[in-house]
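S.K.: Predicted model and sequence follow; I will ask about them next.
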Amino acid sequence: LDPYMGRAFVGDGLATLLSASAGGTGVTTYAENIGVMAVTKIYSTLIFVAAAIVAIVLGFSPKFGALIHTIPGPVLGGASIVVFGLIAVAGARIWVQNQVDLGLNGNLIMVAVTLVLGAGNFTLSLGGFSMGGIGTATFGAILLNAFLSRSQQVKTQPEIKTGTEAALKDH
């Protein structure tokens, strides 16, 4: 999809390694930034690094934490609805820009299933392992893409003719 995606995965992995080496939990990237970028039209990495540094510094301030704690739940809920809606629209925009044909059953099934798994917070539990809605939707999208893409290739694979058949057809 994007030449920088590999660098993002490496950065995410290194951040998790650093966190684990200090006794912390694994870290993850959040799609909320996509919504923020869509609204502000600011795509500069430097700006987001500066915002991250400010957030880290403010995280060490109990007074700032107390201030955030005074924000009413409905206000945070409303802000969350806007941000998550922007994420969904950003995803839809990617489909439109890449001209994903939702007229094809395979594409339609993949989009429908993964949206319902993610939005419905479908949890997959196997033994002591549990995966939440976003993880289940991501895993489902990967599996469906692999399966449906393979079945589509089998259906649309061109006929292979032997040399004799091709020579007879040309004459």
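M.R.: On my side now, so go ahead.
S.K.: Helices along this structure, start to end?
M.R.: Along the chain, counting by DSSP state H, helices occupy 5-21, 32-40, 45-59, 62-69, 73-97, 105-119, 133-156, 163-170.
S.K.: for these, which one sits closest to residue 126?
M.R.: Set against residue 126 and scored by C-beta to C-beta, the helices of the chain come closest in helix 133-156, at 11.2 Å. From N, CA and C alone the C-beta is placed, and that goes for glycine too.
S.K.: any idea of the mean pLDDT in the closest one?
M.R.: Helix 133-156 shows a mean pLDDT of 79.
S.K.: Repeat that for stretch 11-20.
M.R.: 86.
S.K.: And for stretch 92-100?
M.R.: Stretch 92-100 comes out at a mean pLDDT of 85.
S.K.: Any chance you could list what contacts it?
M.R.: Residues outside stretch 92-100 that contact it (C-beta atoms under 8 Å, 6 or more residues apart in numbering): 102, 107, 111.
S.K.: circling back: single out the most deeply packed of the helices of the chain.
M.R.: helix 105-119 (a mean of 16; mean count of other C-beta atoms under 10 Å).
S.K.: Report the inter-axis angle for that one versus helix 133-156.
M.R.: Relative orientation of helix 105-119 and helix 133-156, computed by axes from the mean of the first three to the mean of the last three C-alpha atoms, to 10 degrees: 170 degrees.
S.K.: Start the count at 97 instead of 1 going forward.
M.R.: Happy to do that; since the first residue is 97 now, the last one works out to helix 201-215.
S.K.: and helix 201-215, what other elements does it pack with?
M.R.: Using 3 or more C-beta pairs under 8 Å, 6 or more residues apart in numbering; DSSP states H and E as the contact test, the elements touching helix 201-215 are helix 229-252.
S.K.: distance between the helix it packs on and the chain's centre?
M.R.: 15 Å (C-alpha atoms, centre = their mean, to the nearest Å).
S.K.: which helices and strands does it pack with?
M.R.: Using 3+ C-beta pairs under 8 Å, 6+ apart, helix 229-252 sits against helix 201-215, strand 220-222.
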